[in-house]
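>>> have a look at this prediction, sequence included:
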Amino acid sequence: MSQRQFEAQNIVLLKISDTRTETTDDVGDMFKDMIEADGHRFVERQIVPDDRFHIRAAVSQWLVRDDIDVIFTTGGTGVTARDVTPEAIRPLLDKEISGIGELFRFLSYEQIKTSTIQSRALGGVANGKIVFVAPGSKGAVQDMWTNIAREQLDSRVKPCNLVMLKHRLLEK
């Protein structure tokens, strides 16, 4: 049996925040460093306010681009009135992958105990792209990448990973 080859993914980052700018977005800088260290390509990042229509507009523009494989969002997944990222993203998904949010909360429990119930992290696929929706803290983004996304975006991980399925996401 042959060893699978690594397939670098083109990844974009959407930071949802009313207060961050590219200069003050240390989470975005950390994320870029992590994915590049793992061999992936960081295509671009945007920062939009906590507004469902701004979020949808940014993600929608990426969903139609051929040079993007993965959309990663951070922020707006809590339970306050301004936290609307899940509501903005869900209508764009072709399929939600509920295990991403479930696994994220399971892993977060070790660190933040029952506070993890306030996280509405999720994931899915849309127009052949893989979407990860993470909370906005550095720790949450690091956990989502290191403990979930990294392996699912590594074509060598067995028995299966999301990269293996990418060519089938648009099948009819």
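Perfect, I can see it now. Residues are numbered from 1 along each chain as shown.
>>> partners of the residue most central in space within the chain in the sheet?
The centroid of the chain falls nearest to residue 132 when counting by Cα atoms, centre = their mean (2.3 Å). In this structure, residue 132 has beta-bridge partners residue 72, residue 123, where bridges are defined by DSSP bridges.
>>> ok, it to residue 19 distance?
Between residue 132 and residue 19 the distance is 22 Å, computed by Cβ to Cβ, to the nearest Å. To be clear about C-beta, it is placed using only N, CA and C from the backbone, and glycine gets the same treatment.
>>> packing partners of the longest helix along the chain?
Taking DSSP state H as the assignment, the helix of the chain that covers the most residues is helix 98-112. With contacts defined as 3 or more Cβ pairs under 8 Å, 6 or more residues apart in numbering; DSSP states H and E, helix 98-112 has these neighbours: strand 122-126, strand 129-134, helix 138-144.
>>> quick check: buried residues in the following helix or strand past the last one?
Scanning forward in sequence from helix 138-144, with DSSP states H and E defining helices and strands, the next element found is helix 150-152. Neighbour-count burial for helix 150-152 flags residue 152 (criterion: 16 or more other Cβ atoms under 10 Å).
>>> gap between helix 150-152 and the chain center?
Between the mean C-alpha point of helix 150-152 and the mean C-alpha point of its chain there is a distance of 11 Å (Cα atoms, centre = their mean, to the nearest Å).
>>> touching it from outside, list them.
Contact with helix 150-152 is made by 38, 130, 157, 161-163, as judged by Cβ atoms under 8 Å, 6 or more residues apart in numbering.
>>> what's the answer for stretch 95-111, then?
Contacts to stretch 95-111, defined as Cβ under 8 Å, 6+ apart, come from residues 90, 116-117, 119-125, 132-134, 139-140, 143-144, 147-148.
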